Structure formats: structure tokens, C-alpha cells
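Asks: my questions concern the predicted model and sequence given below.
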Amino acid sequence: MKRVRLVDVAEVAGVSTKTVSNVVHDYPHVAPELRRRVQAAIDKLGYRPNLTARRLVTGKTGMIALAIPEIDHPYFSELSRQIAEEAARRNYRVIIEQTLGKLEAEHAVLEDREAGLVDGIIFHPVSIGALSIAKLHHDTPLVLLGEGAMPATSDHVMIDNVAAAAEAVQFLLGQGRRRIAFLGVVEDDVTFSTDKRLLGYQQGLIEAGLDPDPGLVLSVQDFSSEASGEAVRAALERGVSIDGIVCRDDKFAAGALRACAAAGISVPDGIAVLGWDDTAIGKYTTPSLTSVAPDKSALASTALELLTERIDGFRGVGRHRIVPHGLTIRQSTPSVPSELPMPQGEPAVPSA
């Protein structure tokens, strides 16, 4: 099929190629009627701007890359949508790249593979270290997400995972739970998320005057719901006394709910289960799932704000931003006792 050119759009719209170019590049000083005619011609012909030519004219492609570990993980799927919607509000389109947390794939994100194709990159690293990012990151504007490497030269956006985990433990303690398990630790886990959430879990117990019990930190074979459910089942069969579970994510929590049901244990009466990420999973489990809720909208808007500032010429040192988190309360934990103090600045909000 013949490629539609700028001149073809101009001919159909009855305007100059300069006018078409002004509309394509969203210049403000175009009469509404001319803009309407040009847009109608663009839609009719299916014209798509040549990114290389656009970059030569404006210095920008209007595209950004989003590099995430797993496209099909509920948290990254929902966050990707938030970022794409926020990018669209800023007149950017998003290319999504999956790294699977593999070091070579994460290196490739930074080794100029996107040079000339995108104006900037939002990147959630898992395996790569801060020094490698500092060495490999050159000209393309970059914003990092997550709990991993935080080089001083790069912008970084995250929630406070340690504080969120401690607050989750305090929430369950406030309901009278004393045998709270952490689900869980995966062998060869290279992510920083688990480490920080486990640290916060221990912090919450210690601040309440309780000694963390290693027997309540459950080992999980892999990152699947099936494996997390198996870890809970095995613990219960060993006779481990558990009255609450803080899970590293909602997938693990879904496995925990299934294991409790299979063992004939009522949730939340017997064991309260608390997930993490507040994904759509939590609305449809039985019972519905209480979950730590990162503000995904704030993550997306803050990342795009920092990235567009970089694209527009900011060259300062890295800026590290902590965005809010909360707790979405559903049926897998009891309602909040009236005497339970909420974490400062982060009120728990009951949700259907």
C-alpha cells in the first residue's frame, strides 16, 4: 500500500503542506475551520506522521517508552494503563516493552535501543544496579519506578514500601491478631519489593513489642498464586498457628484465600488476609480482598511530570519522589475498630 504523504493530505484538504504540518504538530495558531478540514483529510487517508521527519522538525517524536517486568502482572497492567492515559493527556503515545526482569533486557533498555524513536523512557528495573544505570544512561530522558536501583543522576518515583508494610501489620494487630504471617519469600527473588515489604513487616511487629517469628515468614516456590496457596497449605498442615497474613501482592493473597477455603478456615474470622497493590483481583475474590493501595494515578502523573520536564530540557540531579499509599478495606479483614489509630496522612478507606 502506498504511504500517505503530507502533500496528499494537503491536496484532499485544499490547504498548503505548511498548514497540514502545523496541524500535525499541534501549533496553536491554526484557524478552527482549517484544523477541522485537515483533521478530516488525515482521518480519511489514514495519514501517520513520519517519526524521523517529525523529530527533525520539532526535535521530538511524541513517543515515550515504558519498560516493565511483566505485561500480564495485574499491577503492571493497571499501572501501564494509568501511564498511557496520563501520557495521552500530555500528547504522548506509549511504546510498552517487557523485560521479564532479565538483566540483558534491562541493559538493552538503556543502551540506546530506543534512541531516536522515543523522547523519554519510564523504566521499572528489577535486576540492573544503580551504577550500571548511571553508566549506561546517556542522552534519552529517564524516570525510574519501583523499589530497585536509585542512582543519584536519575529521577525515581515509588511508594514507601517499608512504611506501608508496617502499617499493614499494625492494622491487623489493631484487630487483635498476634500470629501474623508474611507471604512470602521466593527463592532466588531478585526484586527489591519483597525485601522492603518483609522489612516493614518486621518493623511493624517490633514497634508493637512483638518478636518476629521466622516460622511465620513463609517460603514460596515461585511467584504464582498456586505456589503461594501451597505455602499456606503446607504451613497449616505443619501446625503453624496463623491468625493473619500480610501478602507481598494480590496474586499471593488469592492463593492464600484458596488455601484457607480448602482447609475449612473462615476468612476473616479464622485468618485475616491482606494483599498488596489493590488490583482488580481483590474485587472478585471470595471474600473480597483488603489490600495495600499504591496511588497508581499519582505514580503515573508524577513520572510523566518528571519525564516531560527532562524532555523539555531539565538537566539537574535526580529527583526522588515518594507518592501516597493507603489501605482498601474489603471483606478479607474485619472492619476497622473505632479505637484503632490510622497511619498519619493515610486513612483506611472501606471499599466495596
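Replies: Done, it's in. Numbering: from 1, shown residues only.

Asks: so where do the strands sit in the stretch 151-300 of the chain?
Replies: Listed in chain order, the strands of the stretch 151-300 of the chain (DSSP state E, counting those that start in this stretch) span 155-158, 180-186, 217-220, 244-247, 272-276, 290-294.

Asks: then the second one to PDB, C-alphas only?
Replies: What follows is the C-alpha trace of strand 180-186 in PDB, where atoms were taken according to Å, rounded to 0.1, in the frame of the first residue of the first chain:
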ATOM      1  CA  ILE A 180       0.700 -12.700  61.600                       C
ATOM      2  CA  ALA A 181       2.500 -14.400  58.800                       C
ATOM      3  CA  PHE A 182       4.300 -12.900  55.800                       C
ATOM      4  CA  LEU A 183       3.600 -14.400  52.400                       C
ATOM      5  CA  GLY A 184       6.200 -14.800  51.200                       C
ATOM      6  CA  VAL A 185       9.800 -15.200  50.300                       C
ATOM      7  CA  VAL A 186      10.600 -16.700  46.900                       C
END
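
Asks: so the nearest residue to residue 186 once chain neighbours are set aside versus residue 40, what's the distance?
Replies: Closest residue in space to residue 186, ignoring its immediate chain neighbours: residue 220 at 5.0 Å, by CB to CB, 6 or more residues apart in numbering. Backbone N, C-alpha and C define where each C-beta goes, glycine included. From residue 220 across to residue 40, the span is 56 Å (CB to CB, to the nearest Å).

Asks: okay, those two: which has more neighbours?
Replies: Neighbours per residue (other CB atoms under 10 Å) separate residue 220 from residue 40, with residue 220 holding more: 24 against 13.

Asks: check contacts around the more buried one.
Replies: 183-186, 227-228, 230-231, 252 (CB atoms under 8 Å, 6 or more residues apart in numbering).

Asks: any low-confidence regions in the stretch 251-352 of the chain?
Replies: Within the stretch 251-352 of the chain, the stretches with pLDDT under 70 are 336-352.

Asks: ranges for the helices of the stretch 151-300 of the chain?
Replies: For the stretch 151-300 of the chain, helices defined by DSSP state H, counting those that start in this stretch occupy the ranges 161-173, 193-207, 225-237, 250-262, 281-284, 296-311.

Asks: can you put those helices in TSV and add distance to residue 95 and mean neighbour count?
Replies: Below are the helices of the stretch 151-300 of the chain laid out as TSV (distance: least, CB to CB, whole Å; neighbours: other CB atoms under 10 Å):
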stretch	distance to residue 95	mean neighbour count
helix 161-173	28	23
helix 193-207	24	19
helix 225-237	30	19
helix 250-262	26	24
helix 281-284	27	17
helix 296-311	14	21
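
Asks: closest one to residue 312 among the strands of the stretch 151-300 of the chain?
Replies: Closest approach to residue 312 among the strands of the stretch 151-300 of the chain (CB to CB): strand 155-158, 13.3 Å.
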